[in-house]
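Chemist: need a structure here:
(chains A and B)
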There are 2 protein chains.
Amino acid sequence: VIRYRAADVVAVLDSHYAGRPLESVLGCGKGIPVVATMAETRQFDPDALLVGIAPVGGQLPEPMRRHIREAICSGLAIISGLHTMLREDAEFAGLAGQHGVPLLDVRDPGPLQRIASRRARRCRVRRVLTVGTDCSVGKMVAALELRDAARRAGLDAAFAATGQTGIMIEGWGIAIDRVISDFAAGAAEWLVEQTAERDIVFIEGQGSITHPGYSGVTCSLIHGTCPDALVLCHCPDRTEHEHMDDCPALPIERQLAVYEMMANAVHPAKVVGLCVNTAGMDDAAAREAIDELAARANLPATDVLRYGCEPVLSAVLAHVGLSR
Amino acid sequence: VIRYRAADVVAVLDSHYAGRPLESVLGCGKGIPVVATMAETRQFDPDALLVGIAPVGGQLPEPMRRHIREAICSGLAIISGLHTMLREDAEFAGLAGQHGVPLLDVRDPGPLQRIASRRARRCRVRRVLTVGTDCSVGKMVAALELRDAARRAGLDAAFAATGQTGIMIEGWGIAIDRVISDFAAGAAEWLVEQTAERDIVFIEGQGSITHPGYSGVTCSLIHGTCPDALVLCHCPDRTEHEHMDDCPALPIERQLAVYEMMANAVHPAKVVGLCVNTAGMDDAAAREAIDELAARANLPATDVLRYGCEPVLSAVLAHVGLSR
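Modeler: Numbering: from 1, shown residues only, chains lettered A, B, ... in the order given. The predicted structure follows:
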C-alpha cells in the first residue's frame, strides 16, 4: 500500500521503527513519517486506520485492539485484511456504530458462491497468473509491475487482485483464501470475467502449489482463471517455506514442473518467465542470482523492482500473441 | 446412508420412484419402502428427515422447502448436508424453535481455523487417501469398504469423513469443501490427528485434482493429510466431468501422474491401486473394464462393491508396511 498508494498514506504507526526514515526500513515510502502512538498521527489528519499486518492464520493480535479502539473513537474508518472480521466483533461494531465510522473488512469475499467450469478460457482477455515458490515472494508486486509495464506498452491491461493487500491497492478484487473452498475457483473465474474485454489481465497469485498450508488456494486460482501464461516468482534465499516448521521448499525445477502439469490439466499454459525477489542483496549478488535462476530454468528472469519488467514482459506478450 | 446405515432408514420420500423396490433403483436398501408424500412416511414413525440431495453448488432447491417445513411441523429433526445452512434460514429456524426440533447442518465445518504444516506426517497412523478421476466415482465407498476390510484383517482401522454423506454415515468428520480455503488443508490435518493412535486411517477423498471446480479441495486434502498411499477411484464411462459443460476428464495415466507429483511435493506417496466403479455394467463388461485399467495403470484393481477389496487392500498394506 505504501509503495502503490503513497499519496494516500499520511503516516505509519509503528513504535519499533518510530522516527526512522521509512525508506530505509521498507525501500519505499520516502517522506512518510513513522510515529509511535495514535495520538501523534492526529497532526496528519488521517481519515482511516489500515491494519497493516498479515500474520499466519490472519487473526487479530490482542495488543492491536487498543489501537483500533482508539482510532474508531477518533472517528477514523478501519480498513482490515484479517480473517478476524471486525464487523463481527461486538466491541468494534458497537463503537463504530456510536462514532459513525465504517469497518471495512476487505478480506470478506461477499456472497458469491459459484462452481468454476473453465468459463474463464472463453474470455478474449489474455490471462497471466503470477505464481510463487512460496508465500510473500512478490507475486502481487510482479503482477502490478507487469500490468503497469503493459500499459506503458500501449495495451489495455488489467490487474486482478486476489488478496487483501491487492484489493486495498486496486480497490476491487476477492481474497480467494477467504472463500469457502468449494467456491474458490469459481471466485477466481469471476474475477477474470470482470476483465473479459481487456487485452490482458495480470492475476495476482497466492501461496504456492507445493505449500502444505496454502496449495489448495493456489490450485483454485490456477484452475479457476485458466491462465495462458504463468510467471513464477521466487526468493533465492528461501529454502524453507516461510513461518513453517519442517516444510522445505522444493527446488525451482520441480516447482516449474508441478505448476505446468497442474495448469495444463485444465487449460494449456506455460511458465514464460521468472520474477526474482532480490531484496536485501547487493547489485552483484542480485545479478548473479537472477542469471543463475534464468539458466537453471531456461527462462527470462528479472527483479521487477530493481531492473524493470523486461525481459519477462516480452516473453509474456510473445507467448500470448500480443504486440506493443 | 441407505447402504451403510440401513437400520436407521425407515422410508425414502421420492415421488418419482414411489412404490418401486428401492434395491432395483439403488442396488441397496432392500425392504425399505419408497413413498410419495411426507404424510405417508408417518406410518413408519420417523424421527428425522435427511435431505438426501447433493446438487452442484449445494443450494436448497425451492420445491424442497415444502417437505422440510412439513417435517419440522411434524416434529422431525432435519439433517442436511447442503451449503444452504438451514439454521441461518429465518423461516426454518423460526419453525424449528416453535416445534423444538434440531436443524443439523452437517456441512457446517465449525470454528476450526488452522493452517496446515505437514503435522499429519508425524502421526504414527498410516494414512491412505482415496482420490478420484472425477466427483461421484466412489471415493467414500472405497474408503469405507477398505476400512471395513482392514478391520476384518485384524487391524485397528479408522475412516475419516471429509464430506457431508460420510459424516452422516460415520457420525464425525469435516466437510472440507465448506471450509474457508485458507484453512481447508488445516482441517484435513486435524482429521488425521484425531486418528493418530490407530493402525491405519482411510481418508475419504473429494473432487479430483484435475477438476476445474473442485481441484483446490482435493489439493488441500492431499497436502493436509500427507497420505502414504493413494487409491485412485474411477468410473470407466466418465469421459467428461459430471455436470460440467466442456470439461473433459483426463486419461487415467495423466491423472495418476498429476496425483503422484502433487502428493510427493509434500510427503512421499504412491498410487497403489484402483477402485473401479462398474455400476450399471454386466459382469463381463465389469471384468473387462477392471482388467483393462489395471493393465494401463500397471496397478491392482477391483470394484469394491462387486468383487471386494482384494487385491487393493493387499497393495495398501504392503506399501505402508502393515501385516494382517
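
Chemist: how about the residues of the stretch 151-300 of chain A near chain B?
Modeler: Residues of the stretch 151-300 of chain A that fall close to chain B, judged by CB under 8 Å from any CB of the partner chain: A:176-182, A:184-186, A:209-220, A:223-224, A:226, A:244-247, A:250, A:254, A:257-258, A:261-262, A:265-266. The C-beta positions use only the backbone N, C-alpha and C, and glycine is treated the same way.

Chemist: From these, which land in helices?
Modeler: Within these, residues falling in helices by DSSP state H are A:184-186, A:215-220, A:223-224, A:254, A:257-258, A:261-262.

Chemist: Which pair of these spans the longest distance?
Modeler: With CB to CB as the measure, no two of these lie farther apart than A:Gly186 and A:Arg254, at 29.1 Å.

Chemist: Can you name the residues that contact the residue most central in space within chain A?
Modeler: In chain A, the residue lying closest to the centroid (CA atoms, centre = their mean) is A:Met140, at 3.4 Å. If you count contacts by CB atoms under 8 Å, 6 or more residues apart in numbering or on different chains, A:Met140 has them with A:130, A:161, A:163, A:165-166, A:169, A:204.

Chemist: run the last query once more with 7 Å
Modeler: A:163, A:165-166, A:204 (CB atoms under 7 Å, 6 or more residues apart in numbering or on different chains).

Chemist: quick one: which of those residues sit in strands?
Modeler: Using DSSP state E, no member of those falls in strands.

Chemist: so which of the residues you listed comes closest to A:Arg42?
Modeler: Nearest member of the contacts of A:Met140 to A:Arg42, counting by CB to CB, is A:Thr165, at 25.5 Å.

Chemist: quick one: pLDDT of that closest one?
Modeler: Per-residue pLDDT puts A:Thr165 at 98.

Chemist: wait, isn't it in contact with A:Gly81?
Modeler: Yes - counting by CB atoms under 7 Å, A:Gly81 is a contact partner of A:Thr165 at 6.4 Å.

Chemist: Between those two, point out the one with more neighbours.
Modeler: A:Gly81 (24 against 20; other CB atoms under 10 Å in any protein chain shown).

Chemist: Spit out the contact partners of that one.
Modeler: The neighbourhood of A:Gly81, defined by CB under 7 Å, 6+ apart, consists of A:51, A:54, A:106-107, A:164-165, A:168.

Chemist: now it: how far from A:Gly163?
Modeler: 8 Å (CB to CB, to the nearest Å).

Chemist: One more: A:Phe44?
Modeler: Distance from A:Phe44 to A:Gly163, by CB to CB: 27 Å.

Chemist: Ok, A:Pro102 next?
Modeler: Using CB to CB, which is the criterion applied here, A:Pro102 is 21 Å from A:Gly163.

Chemist: any idea whether the residue lying farthest from the centre of chain A is helix, strand or coil?
Modeler: Among the C-alpha atoms of chain A, the one most distant from their mean position (CA atoms, centre = their mean) is that of A:Gln98, at 33.6 Å. Taken by DSSP: H, G, I helix; E, B strand; the rest coil, the conformation at A:Gln98 corresponds to helix.

Chemist: Check it and give its pLDDT.
Modeler: For A:Gln98, pLDDT reads 98.

Chemist: Next: A:Gly75.
Modeler: So A:Gly75 comes in at 97 (pLDDT).

Chemist: Neighbours of it, how many?
Modeler: A:Gly75 has 11 nearby residues by other CB under 10 Å.

Chemist: from memory it sits against A:Ala96, does it?
Modeler: No - with contact defined as CB under 7 Å, A:Gly75 does not reach A:Ala96; the gap is 10.3 Å.

Chemist: give me the beta-bridge partners of A:Val201?
Modeler: According to DSSP bridges, the partner residues bridging A:Val201 are A:Arg127, A:Ala158.

Chemist: Below-threshold pLDDT in chain A: ranges please.
Modeler: Regions of chain A meeting the criterion pLDDT under 70 are absent.

Chemist: returning to what we had before: emit the PyMOL select command for whichever of the residues of the stretch 151-300 of chain A next to chain B are buried.
Modeler: Buried residues among these (16 or more other CB atoms under 10 Å in any protein chain shown), as a PyMOL selection:
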select buried, chain A and resi 176+177+178+179+180+181+182+184+185+186+209+210+211+212+213+214+215+216+217+218+219+220+223+224+226+244+247+250+258+261+262+265+266
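
Chemist: roughly how far apart are the residue farthest from the centre of chain A and chain B?
Modeler: A:Gln98 sits at a distance of 28 Å from chain B (criterion: CB to the nearest CB, to the nearest Å).

Chemist: One more: A:Arg114?
Modeler: 7 Å.

Chemist: The nearest residue to that residue once chain neighbours are set aside: what's it in contact with?
Modeler: Among residues not flanking A:Arg114 along the chain, A:Gly186 sits closest, at 3.7 Å (CB to CB, 6 or more residues apart in numbering or on different chains). A:Gly186 makes contact with A:114-116, A:224, B:213, according to CB under 7 Å, 6+ apart.

Chemist: do that again at 6 Å, thanks
Modeler: The neighbours of A:Gly186, taking CB atoms under 6 Å, 6 or more residues apart in numbering or on different chains as the test, are A:114-116.

Chemist: Among these, name the ones in helices.
Modeler: Per DSSP H, the contacts of A:Gly186 never map to helices.

Chemist: For B:Ala90, state which of those residues is nearest.
Modeler: Minimum distance to B:Ala90 across the contacts of A:Gly186 is 23.6 Å, recorded for A:Arg114 (CB to CB).

Chemist: That closest one: neighbour count?
Modeler: Taking other CB under 10 Å as the criterion, the count of residues near A:Arg114 is 17.

Chemist: try A:Leu144
Modeler: For A:Leu144, the neighbour count with other CB under 10 Å is 22.

Chemist: Looking at A:Phe44 and A:Gly163, which is more packed in?
Modeler: A:Gly163 (25 against 12).

Chemist: Now do the contacts for that one.
Modeler: A:Gly163 neighbours (CB under 6 Å, 6+ apart): A:175, A:206.

Chemist: May I have the phi/psi pair for it?
Modeler: Dihedral angles phi and psi of A:Gly163 (degrees, to the nearest 10) take the values phi -140, psi 170.

Chemist: what's the answer for the one 10 residues further on, then?
Modeler: According to degrees, to the nearest 10, the main-chain angles of A:Gly173 amount to phi 140, psi -180.

Chemist: can I assume A:Val131 sits in a helix?
Modeler: No - per three-state DSSP, A:Val131 lies outside any helix segment and is strand.

Chemist: Dig out what it forms beta bridges with.
Modeler: A:Leu232.

Chemist: That one: neighbour count?
Modeler: A:Val131 has 30 nearby residues by other CB under 10 Å.

Chemist: same check, this time on A:Arg42
Modeler: By other CB under 10 Å, the burial measure for A:Arg42, its neighbour count, is 13.

Chemist: measure it to B:Ala36 for me?
Modeler: 71 Å.

Chemist: Could you do A:Asn264 as well?
Modeler: 49 Å.

Chemist: what does A:Gly280 give?
Modeler: To B:Ala36, A:Gly280 is 71 Å away according to CB to CB.

Chemist: Which one's more surrounded, these two?
Modeler: The neighbour count for A:Gly280 versus B:Ala36, taken as other CB under 10 Å, is higher for B:Ala36 (14 against 10).

Chemist: Please give me every residue in contact with the residue lying closest to that one once chain neighbours are set aside.
Modeler: Nearest residue to B:Ala36, sequence neighbours excluded (CB to CB, 6+ apart): B:Ala18, at 3.7 Å. Going by CB under 6 Å, 6+ apart, B:Ala18 touches B:34-36.
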